[in-house]
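Student: One predicted model, sequence on top.
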Amino acid sequence: MANRARLIDLGRRRYGPVLELQRALHAAVAEGHSPDTWLVVEHEPVITLGRNANEAHVLLPRALLAARGVDVVEVERGGDVTYHGPGQVVVYPIRRLERFREVVPLVASLETAVTGALYRFGIEAQPRSEHRGVYVGDDAICAIGIAVKRMTSLHGLALNACTVLDYDRLITPCGTPQFGITSISAQTGREVSWAEARDALLDSLEGAFGIEFEREEIAPGAPLPFASNPVQESA
């Protein structure tokens, strides 16, 4: 019997409050006050800069980005520069790890789940060991970047479902100009909704991690919870 895991569906949100929620949940999970918790969200436009980010990979001045409604946020995950925006399914696994060597298998399992979800749409995709994420040929369809602090993960993956594929005008995605970008919709030749891609990805994550999500949905405009009412995992 699969273990239950808490999943909070946040709908569409700006990045800043969700980052605050991630960090609050991370502290609760790390301290043993809350079980492993997953977040799924669709972000308003934002550029995030990881620990190794090169500012030159942000292609427009910050004032111009702000005028266009694009936030810029520095974060503690690994990697370079990443864009999140409408049409991307973003998943943040906040999970307690027993050993640091579980980090690489965690990333690999995320990649496996993404490739499995894409296969349901008839898309053949592969991870790349030198640049973590999932690719269709030389085009990135899913970015992955996590951080581990106090043996607990945060940040996660962003899968392009129906994303407008012009964000390479804003950044050099993940600092890898040799790769292009694509989406589920571009690959299938039809509009695949965010919700359709979300459901396929969550189902594939359950299989890859041997869990069953107990889903909570937060109504649009409602305040975000901060590790309240945790769902207890079963043995």
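Tutor: The structure has been received and is ready for your questions.

Student: helix or strand for the residue nearest in space to the middle of the chain, which one?
Tutor: Note on the chain: the residue nearest the mean C-alpha position is Leu157, at 2.6 Å, using CA atoms, centre = their mean. Using DSSP states H and E, Leu157 maps to strand 152-160.

Student: now for that strand, which elements pack on it?
Tutor: Strand 152-160 is packed against helix 15-30, strand 88-94, helix 103-119, strand 139-149, with contacts defined by 3 or more CB pairs under 8 Å, 6 or more residues apart in numbering; DSSP states H and E. Any C-beta I mention is one placed from the backbone N, CA and C, and that applies to glycine too.

Student: cutoff 6 Å now
Tutor: Using 3 or more CB pairs under 6 Å, 6 or more residues apart in numbering; DSSP states H and E, the elements in contact with strand 152-160 are helix 15-30, strand 88-94, strand 139-149.

Student: The residue nearest to the centre of the chain touches Ile144, doesn't it?
Tutor: Yes. Leu157 is within contact range of Ile144, at 4.7 Å (criterion: CB atoms under 6 Å).

Student: so what sits against both of those two?
Tutor: Leu110 (CB atoms under 6 Å, 6 or more residues apart in numbering).

Student: what helices or strands is the helix or strand harbouring Ala195 leaning on?
Tutor: Using DSSP H and E, Ala195 sits in helix 194-209. Here helix 194-209 touches strand 88-94, helix 103-119, going by 3+ CB pairs under 6 Å, 6+ apart.

Student: and with 7 Å instead?
Tutor: strand 37-43, strand 88-94, helix 103-119, strand 211-217 (3 or more CB pairs under 7 Å, 6 or more residues apart in numbering; DSSP states H and E).

Student: what's in contact with that helix?
Tutor: 2, 40, 42, 87, 89, 91, 109, 112-114, 116-117, 120, 159, 161-162, 184, 212-213 (CB atoms under 7 Å, 6 or more residues apart in numbering).

Student: Mind giving me the ChimeraX select for those, buried ones only?
Tutor: Entered in ChimeraX, the line below selects the buried ones among the contacts of helix 194-209, by 16 or more other CB atoms under 10 Å:
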select :40,42,87,89,91,109,112,113,114,116,117,159,161,162,184,213
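
Student: any weak-confidence spans in this structure?
Tutor: 1, 174-177, 226-235 (pLDDT under 70).

Student: that older thread, can you redo the helices and strands packed on helix 194-209 as a markdown table with distance to Asp166?
Tutor: As requested, the helices and strands packed on helix 194-209 are exported to a markdown table (distance: least, CB to CB, whole Å):
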| stretch | distance to Asp166 |
| --- | --- |
| strand 37-43 | 16 |
| strand 88-94 | 13 |
| helix 103-119 | 22 |
| strand 211-217 | 30 |
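
Student: list the contacts for the closest residue in space to Pro86 that isn't next to it in sequence?
Tutor: In this structure, Pro86 finds its nearest non-sequential neighbour in Glu42, 6.3 Å apart by CB to CB, 6 or more residues apart in numbering. Glu42 sits next to Gly11, Arg12, Pro86, Gln88, Val89, Val90, Trp194 when contact means CB under 7 Å, 6+ apart.

Student: Find the pair from those with maximum spatial separation.
Tutor: Spanning the widest gap among the contacts of Glu42 are Gly11 and Gln88, at 13.2 Å by CB to CB.

Student: I appreciate the help and will end here.
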